[in-house]
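[1] generate coordinates for the sequence data below:
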Amino acid sequence: MKPVFEIIPEAIFFQQTNLICEISLDGFSYIFENDIDKKFNGLSVFHFDDVDIPGQLKTIFNEQPLLHKKFKKVFVSYSGEESALLPEELHQAGKNELVLNTLYGDLHSGAIATDLIADKKIYNVYRMPAAIHQAMVAQFPLAAFSHHYSLLIKQHFTAGDLFKVIFYSDTFIAVLISAGELQLVHTYPYKSGADVVYHLLNIGRQFKITHVPLRIGGMVEIDSDLYKELSHYFKNISFDELPAEYEFAESLKELPPHYFSHLFSLALCV
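    All right, here's what the predicted structure looks like:
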């Protein structure tokens, strides 16, 4: 299975390198972070088709020899829709499954996990598809897991209003911040720019917020139909940037910064 993007490090010292992965129903990505130099040295990005994601993961693992090395740390961010953000005072560990079943139904089995975002006093209860989680654990038995929403919430919020949107091949994550406070984090499906605009305008209407600046990341181009559709409704659009706290290999800096800024930002919260 061939990656959509692949930049292999010229040299890698595994004992001081963290492997940071993201897994979703859209694809699997990983980046190499030198923990000593605070530098990213490479990445690989794979897109799934609609069938047998665990099988595709196993193929990737078999064909990527670097994934079999012993890293300093392995961290896995799961990006999936089945998530419930609960204030600390309302969270009851014994009712995690009930909460998720109430919101998303009980037709699919999965591994239920919980992240505590301590400084925000928020619990994130989420469910990962069982077969996907088993494939990840089999490959990375010592990995630490978290949900992408949890990591987004840990990042610094702007003092004003902001829509932060991360685009994947068939879905996008929308983060709404109003007056510096988190209002919403959710994943939406889309097939066209019109779908994205509909969801964003609907969110703004529900929260009674207009003229929100839009910051976008993921693989979207300024000359794409998606961007043109967004620009009809949002006049203040910016692209996400690479985190200033890290250095980057020259080959990574040749890519548009917003393509994988959301991946590199994971390291800020690991």
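[2] okay, strands next: where are they in the stretch 151-270 of the chain?
    With DSSP state E, counting those that start in this stretch as the criterion, the stretch 151-270 of the chain has strands at 162-167, 171-178, 181-189, 214-218, 237-239, 247-248.
[3] okay, now the domains of this structure?
    Here the domain parsing of the chain from automatic domain parsing is 1-154+259-270, 156-239.
[4] now render the ones you listed as JSON lines, adding distance to S251.
    (C-beta placed from N, C-alpha, C; glycine too.) Shown next, in JSON lines, are those (distance: least, Cβ to Cβ, whole Å):
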{"stretch": "domain 1-154+259-270", "distance to S251": "5"}
{"stretch": "domain 156-239", "distance to S251": "17"}
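[5] between these, which gets nearest to E247?
    domain 1-154+259-270 (4.0 Å; Cβ to Cβ).
[6] re earlier: the domains of the chain: which one's closest to F248?
    For the domains of the chain, proximity to F248 was assessed by Cβ to Cβ; domain 1-154+259-270 is nearest, at 5.2 Å.
[7] what about that closest one, start to end distance?
    From its first residue to its last, domain 1-154+259-270 covers 28 Å (Cα to Cα, to the nearest Å).
[8] for the record, mean pLDDT for that domain?
    For domain 1-154+259-270, mean pLDDT is 93.
[9] now it, how far from the chain's geometric center?
    Centroid displacement of domain 1-154+259-270 relative to its chain, using Cα atoms, centre = their mean, to the nearest Å, is 8 Å.
[10] which among the strands of the stretch 151-270 of the chain is found nearest to S146?
    Closest among the strands of the stretch 151-270 of the chain, using Cβ to Cβ: strand 181-189, at 13.6 Å.
[11] what comes up buried for that closest one?
    Neighbour counts over strand 181-189 (16 or more other Cβ atoms under 10 Å) mark L182, V185, T187, Y188 as buried.
[12] against L176, how distant is the first one?
    According to Cβ to Cβ, to the nearest Å, L182 and L176 sit 8 Å apart.
[13] same question, the third one
    When distances are taken as Cβ to Cβ, T187 and L176 turn out to be 13 Å apart.
[14] A113 now?
    To L176, A113 is 24 Å away according to Cβ to Cβ.
[15] between the two, which one's more packed in?
    The residue with more neighbours, out of A113 and L176, is L176; 22 against 17, by other Cβ atoms under 10 Å.
[16] would you mind finding the longest helix in this protein?
    helix 193-206 (DSSP state H).
[17] I'd like the average pLDDT over it.
    94.
[18] where does P54 land in three-state SS?
    Here P54 is recorded as helix under DSSP: H, G, I helix; E, B strand; the rest coil.
[19] that one contacts H133, doesn't it?
    No - with contact defined as Cβ atoms under 8 Å, P54 and H133 do not form a contacting pair (9.3 Å).
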